[in-house]
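>>> just coords:
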């Protein structure tokens, strides 16, 4: 148990060994470095390796090579069920606030789930091969996805259909929106292309020199990138320059997550990283000194092989995003800008849905 002061930050990793491992970040005055990661739960619900994780303020979802999504209520610390809809490995997931979950799979489909009863309210089809990565716009009205078919698709989540298709001419690694929604990036092998929503074109390309497998934004302009090396790199995509590079792990980096506005100094940010070396590390960045190496708050050896990482925490209320023009739709499908809920879908729900909620049971 975590016996010291709790920061309300809980990091969860999925592993090749089929486990979900949860750790609380605790402030420990007795520790030399001030913080520690204390085990909060262990779950072995999947029957194959865990490939994706997603979290909201209330829920945790894990997707596996066993083609299932496991669901957890992090408030009550209970496992609440399993979703069975995909016919392939669940490769990526993301929550739209706390109302919906979107999941992508190697079967080429994207499912949209409502969290009030965990029904699949929409299946988005269009990719001709497996889904690799997806990312939702901060407004919850747009979704980006990349697939093995070498395309980037923009989905209109209000209409529930594809709005635009871009041929990226290569199999991408991940796609990611910036926090303010003004830009997004696509990783292609050794290169990361940054797109502007306003111009719909590439405004900067980062030559990472090796495969970039994960990234997270420190703020609207500064990106932390990890991949097939033991180093993390910081890039300012507005100034179009590299800020720093430092050795973070002993092996390739598998997951990154940023907690912005951490601690008494709201300008500080935490970046949590995990690697094939089995370690989880917590780094603190000072926004005024991003060209200096971050301080290591704490680290922990999971003794497993992590595949993905997410963080559950109570984040500050996010201000409404002011979006001047989301000019990424095709001329025939203008995006609606009125404030309406994601998916005002009046169609009857598919009675043949395969979602099966199991009896609640405590997380071990």
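Okay, I see it. These numbers were taken from a predicted model, which means no experiment stands behind them. Residues are numbered from 1 along each chain as shown.
>>> going forward, measure contacts and count neighbours with C-alpha atoms only.
Fine.
>>> gap between residue 20 and residue 304?
Residue 20 is 10 Å from residue 304, where distance means CA to CA, to the nearest Å.
>>> Not counting the longest strand along the chain itself, show me its contacts.
Longest strand in the chain, counting residues (DSSP state E): strand 5-15. Outside strand 5-15, the residues that touch it by CA atoms under 8 Å, 6 or more residues apart in numbering are 20-28, 49-53, 62, 272, 304-314.
>>> now do stretch 144-151
So stretch 144-151 is contacted by 108, 127-137, 152-155, 165-172, 174-175 (CA under 8 Å, 6+ apart).
>>> In PyMOL, how would I select the buried members of the contacts of strand 5-15?
A single PyMOL command selects the buried members of those (16 or more other CA atoms under 10 Å):
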select buried, resi 20+21+22+23+24+25+26+27+28+49+50+51+52+53+62+272+304+305+306+307+308+309+310+311+312+313
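>>> Okay, and which of the contacts of strand 5-15 map to strands?
Residues of those located in strands (DSSP E): 20-27, 50-53, 62, 272, 306-313.
>>> May I have the predicted confidence score for the spatially closest residue to residue 210 that is not a sequence neighbour?
What sits nearest to residue 210 in space, not counting adjacent residues and going by CA to CA, 6 or more residues apart in numbering, is residue 190, at 4.6 Å. With respect to pLDDT, residue 190 has a value of 89.
>>> For the remainder of this discussion, apply numbering that starts at 53.
I'll keep to 53 as the first residue from here, and by that count the last item is residue 242.
>>> what's the spacing between residue 242 and residue 280?
Taken as CA to CA, the span from residue 242 to residue 280 is 10 Å.
>>> try residue 253
In this structure, residue 253 and residue 280 are 27 Å apart, going by CA to CA.
>>> Check residue 230 too.
Distance, residue 230 to residue 280, using CA to CA: 23 Å.
>>> When those two are compared, which one has more neighbours?
Comparing residue 230 with residue 280 by neighbour count (other CA atoms under 10 Å), the higher total belongs to residue 230, at 21 against 18.
>>> quick one: low-confidence parts of the stretch 253-402 of the chain?
315-318, 367-402 (pLDDT under 70).
>>> so where do the strands sit in it?
Remark: strands assigned in the stretch 253-402 of the chain by DSSP state E, counting those that start in this stretch are 254-259, 264-269, 274-279, 283-288, 293-299, 305-312, 321-327, 331-337, 347-353, 358-365.
>>> and of those, who's closest to residue 140?
Ranking those by proximity to residue 140 (CA to CA) places strand 358-365 first, at 17.3 Å.
>>> Within the sheet, what are the partner strands of that closest one, with directions?
Applying DSSP bridges, strand 358-365 is found paired with strand 57-67 (antiparallel).
>>> Now do the buried residues in the partner strand.
Buried residues in strand 57-67, counting neighbours by 16+ other CA under 10 Å, are found at 61-67.
>>> any chance of those in CSV, plus distance to residue 294 and pLDDT?
Output for the buried residues of strand 57-67, formatted as CSV (distance: CA to CA, whole Å; pLDDT from 0 to 100):
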residue, distance to residue 294, pLDDT
61, 29, 93
62, 30, 95
63, 28, 97
64, 29, 98
65, 28, 98
66, 30, 98
67, 31, 98
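>>> now what about stretch 279-287, what contacts it?
262-266, 274-278, 293-306.
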